[in-house]
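> Need a 3D model of the following:
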Amino acid sequence: MADWLEGRVTRNHQWSERLFSLRIEAPLDTFIPGQFIRVALDIDGEEVARPYSLVNTTGEAELEIFFNIVAEGPLTPRLARMQPGDAIKVAPRSFGFLTIDQVPECRHLWMLATGTGVGPFLSILKSEQVWQRFEKIVLGYSVRTADELSYLDLIKQLQADNQSRLAFVPFVTREQIPGSINSRITEAIRDDSFEKLAGISLNSDDSHVMMCGNSAMITEVSGLLEARGMRKHLRREPGHITTEKYH
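Here you go, the predicted structure:
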């Protein structure tokens, strides 16, 4: 990329052994909640760049990315070691269509995330527009162990601010934790336990599903939803499923 914004790290927060978030000061003009940006570092004489969804929403002074360390990767171990004041390159514009302006009219919005895929949904949930559009929102957030459930204080505050309109359903697949589902999202859709905790039905009449994270989860859940008469959303053909794959 020919042009980069000069950013500065303002905070490095470690959520677990492998999960981190960075706050960055950079003069990014505008973005739509749910979009991602590219950040880069010069490493061993080479410019290494990767895309990361933004956790912050519009109007917040700093950008925020949420990522996990890829041990064999060149970038994330270095990002995890960054300190306030360190320089980082930020792309001058954001990208992506995991945004509510792409979602057709419906009553209920379901957000399904694995791992760091929760980031763009937090950005959306912090915006005013999402609460003006949907009657109820369900956030399903799947991790392997309880210490990987990040941003819980923010999620609890969003629930408090929006009363019963936000249903938060955590999934912890490798531990049994009170208040969470001890299975994968796909299994909880098959046995209806997800819908029971959410308090609403997941159907083609009044639901839209946004998914972000592991490609296997997205592929499997999409198949289950298609069996319920739901289809991928396209601009030329409105549907019920919007996705963003991380790997």
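> Please enumerate residues in contact with the longest strand along the chain?
Assignment by DSSP state E gives strand 5-14 as the longest strand of the chain. Contact partners of strand 5-14, identified using CB atoms under 8 Å, 6 or more residues apart in numbering, comprise 20-28, 39, 62-63, 80, 82-92. C-beta: built from backbone N, CA, C; applies to glycine.
> next one: stretch 232-247
36, 53, 96-98, 102-104, 106, 115-117, 120, 204, 207-215, 218, 222, 225, 230-231.
> Now list the buried members of the residues you listed.
For the contacts of stretch 232-247, a neighbour count by 16 or more other CB atoms under 10 Å gives the buried set as 36, 53, 96, 98, 102-103, 106, 115-117, 120, 207-214, 218, 222, 225, 230.
> can you tell me which of those are in helices?
Judged by DSSP state H, these include 120, 218, 222, 225 as members of helices.
> got TSV for the residues you listed, with distance to E195 too?
Shown next, in TSV, are these (distance: CB to CB, whole Å):
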residue	distance to E195
P120	23
I218	19
S222	17
L225	12
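> So what does the residue sitting furthest away from the middle of the chain have for phi and psi?
Most distant from the centre of the chain: G45, at 31.8 Å, with distances by CA atoms, centre = their mean. Here is the backbone geometry of G45 (degrees, to the nearest 10): phi 80, psi 10.
> Enumerate every residue touching it.
By CB under 8 Å, 6+ apart, G45 has no neighbours at all.
> Please report how far it lies from Q14.
Per CB to CB, to the nearest Å, G45 is found 28 Å from Q14.
> Show the pLDDT at S164.
Looking at S164, its pLDDT reads 89.
> Let me know whether my guess that it is in a strand holds.
No. Under DSSP: H, G, I helix; E, B strand; the rest coil, S164 sits outside any strand and is assigned helix.
> So which residues of this structure form helices?
76-80, 119-125, 129-133, 152-161, 185-190, 193-198, 215-226.
> any chance of those helices in TSV, plus distance to I69 and mean pLDDT?
Formatted as TSV, the helices of the chain follow (distance: least, CB to CB, whole Å; pLDDT from 0 to 100):
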stretch	distance to I69	mean pLDDT
helix 76-80	5	97
helix 119-125	15	98
helix 129-133	30	97
helix 152-161	20	97
helix 185-190	24	98
helix 193-198	29	96
helix 215-226	19	96
